[in-house]
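Participant: Below is the sequence, then the predicted model.
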Amino acid sequence: MASVSAGQAAYEQNCATCHGGDLRGGANAPPLRGVGAADVDFMLETGRMPAAVPWIEVGHLEPLLSQATIDAIVGYVTSVQPGGPPIPSVLAGNAARGRKLFEENCMHCHGSQGDGAAIGFLDWAPSLDHATLTEVAEAIRVGPGEMPRFGERQLSATDMNDIAGYLSAHNARPDVMLPLATSGPVPEGLLGWLGAGLMAFLAYAFSARGNHG
Ligand code: HEC
Ligand code: HEC
């Protein structure tokens, strides 16, 4: 168990510029009071945080911090204000049942093979090839970004295990951890794509202003 003071020091070094002292949030990022262990762990394990630039989604990267630092920051954030979903314990369950649950709850965003898909203007549900079992379970309970949060009533612990079991079997690896080497170009491509979308949006917004003003 990493010490809370080590976690606080790591938080101040890596997170406070955006999320503020005492997790109170800032102009550049939301408060982290009561977000819960699963949320912080998911964001750090998938390399989404610490962000380089606020509000630019990068998708799944290698973790940017060491495991010890991640555990320490999770401990610090949850010590300041408990609450939010804990890191779920997950086992690979019944893959056939998991496929059905995936079709009902996940496919319309993540695509029939979990390869990722556009979900409306400027938004993208990522490929599920890179998430570990734990990260799948965390995403289900947390609902990162535009993804809805699924509580125990929508998806029980068994349902969650079965979905993880399906994704694990689908990705042909027991722990759902594909080599990240294959993911290198994806975040960059996505960034470029987002950038192009943003430019188009700005151009549209300014021309619309011009027309009406
Ligand atoms: C450059 C600014 C920046 C830095 C540095 C940064 N974040 Fe964030 N963070 C954001 C922004 C902006 C969001 C909200 C948008 C998003 O999810 O991308 C966010 C969202 C989050 C969330 C989700 C919050 C919620 O409401 O569910 C967590 C958890 C989080 N950050 C943790 C961290 C931790 C821990 C660190 C340090 C290791 C960190 N962040 C560093 C900008 C930053
Ligand atoms: C409304 C669309 C939507 C639905 C429904 C949805 N997701 Fe997501 N999901 C997203 C988006 C968008 C993200 C990216 C969030 C971000 O990075 O801010 C995401 C991220 C994820 C991630 C993280 C992937 C990674 O490697 O970083 C996992 C795992 C995941 N979803 C699993 C699921 C599962 C399992 C279900 C069904 C129980 C599901 N999602 C349902 C939109 C959706």
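Facilitator: Looks like it arrived, so ask away. Ligands and ions are numbered 1, 2, ... in the order given.
Participant: residues in contact with the nearest residue to Ala157 once chain neighbours are set aside?
Facilitator: Nearest non-adjacent residue to Ala157, counting by C-beta to C-beta, 6 or more residues apart in numbering: Pro88, 7.5 Å away. No exception for glycine: its C-beta is placed from N, CA and C like everyone else's. By C-beta atoms under 8 Å, 6 or more residues apart in numbering, the contact list for Pro88 reads Ala38, Thr134, Ala137, Glu138, Ile140, Arg141, Ala157, Met160.
Participant: So which residues on the chain come close to ligand 2?
Facilitator: 46, 48, 57, 60, 105-106, 109-110, 119, 123, 125-126, 128, 130-131, 135-136, 139-140, 144-148, 150, 163 (C-beta under 6 Å from any ligand atom).
Participant: again, 8 Å this time
Facilitator: 42, 46, 48, 57, 59-60, 101-102, 105-106, 108-110, 119, 123-131, 135-136, 138-140, 143-148, 150, 155, 163-164, 167 (C-beta under 8 Å from any ligand atom).
Participant: If any of these are buried, put those into a ChimeraX selection.
Facilitator: Command for ChimeraX that selects the buried part of these, burial taken from 16 or more other C-beta atoms under 10 Å:
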select :42,46,48,57,59,60,101,102,105,106,109,110,124,125,126,127,128,129,130,131,135,136,138,139,140,144,147,150,155,163,164,167
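Participant: Narrow the residues of the chain next to ligand 2 to those in strands?
Facilitator: Residues of the residues of the chain next to ligand 2 located in strands (DSSP state E): Trp124, Ala125.
Participant: Having no further points to raise, I will conclude here.
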